[in-house]
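Engineer: only geometry, no sequence info:
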């Protein structure tokens, strides 16, 4: 199994699977926003940006699969999934705080001026929701809790794949 995972990351199908899973999350987020009229808060937008980072990471080896593009993809994937996990955890902490009114929740995304996504694509990156809104539930958990699990899965998957690659390399 370890050898299979170590070799599979060189194949385009592994990166296509990552691409499809991240794209599915983006489509689900847009459905929640535009179809179900659930307004995303700033934490949701940052998590969405992290999912776009994972999506971008998967595209790099799909365009050109080499050692260097995979390393760049791993770095982008790792930063995006870990950052997304911490943002989702902050969101869960905010939702479960004993006094959430003192918790910080910005109104405008803090994107760099050279990457003003909320101005360029407001239908995707504008935050017009409340961070304390937690009406959507599935299996007793809200969206922030599910995103924490999803980002943890992406992070663990990355470390397993890198570990499998290292094990198969040194065999």
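Structural biologist: Nice, I can see it. Worth saying up front: this structure is predicted, and the values here are computed from it rather than measured.
Engineer: Low-confidence ranges, the protein, go.
Structural biologist: Applying pLDDT under 70 to the chain flags the ranges 1-11, 100-104, 108, 111-112, 116-119, 121, 168-171.
Engineer: What's the separation between the spatially most central residue of the chain and residue 77?
Structural biologist: The centroid of the chain falls nearest to residue 51 when counting by Cα atoms, centre = their mean (2.9 Å). Between residue 51 and residue 77 the computed distance is 11 Å (Cβ to Cβ, to the nearest Å). (Glycine included, C-beta is placed from N, CA and C.)
Engineer: sorry, back to before: once you drop chain neighbours, what's closest to the residue nearest to the centre of the chain?
Structural biologist: residue 25 (4.9 Å; Cβ to Cβ, 6 or more residues apart in numbering).
Engineer: close enough to count as contact, the one you found and residue 153?
Structural biologist: No: shown here, residue 25 and residue 153 do not form a contact pair, counting by Cβ atoms under 8 Å, at 11.1 Å.
Engineer: between these two, who's got more neighbours?
Structural biologist: Neighbours per residue (other Cβ atoms under 10 Å) separate residue 25 from residue 153, with residue 25 holding more: 20 against 13.
Engineer: and the helix or strand encompassing the more buried one, which residues are buried?
Structural biologist: Element membership of residue 25, judged by DSSP states H and E, is helix 12-30. By 16 or more other Cβ atoms under 10 Å, the buried positions in helix 12-30 come out as 14-15, 18-19, 21-22, 25, 29.
Engineer: contacting residues around it?
Structural biologist: The contact list for helix 12-30 (Cβ atoms under 8 Å, 6 or more residues apart in numbering) reads 8-9, 40, 44, 48, 51-52, 54-55, 57-59, 61-62, 65, 73, 77, 124, 150, 161.
Engineer: Just the buried residues of those residues.
Structural biologist: By 16+ other Cβ under 10 Å, these give 9, 40, 44, 48, 51-52, 54-55, 57-59, 61, 65, 73, 77, 124, 150, 161 as buried.
Engineer: which helix in the chain runs the most residues?
Structural biologist: helix 67-96 (DSSP state H).
Engineer: In that helix, which residues are buried?
Structural biologist: Buried residues in helix 67-96, defined by neighbour count with 16+ other Cβ under 10 Å: 69-70, 73-74, 76-78, 80-85, 87-92, 94-95.
Engineer: before we move on, the earlier item: filter the buried ones among the contacts of helix 12-30 down to the ones in helices?
Structural biologist: Among the buried ones among the contacts of helix 12-30, DSSP H puts 44, 48, 51-52, 54-55, 57-59, 61, 73, 77, 124, 150, 161 in helices.
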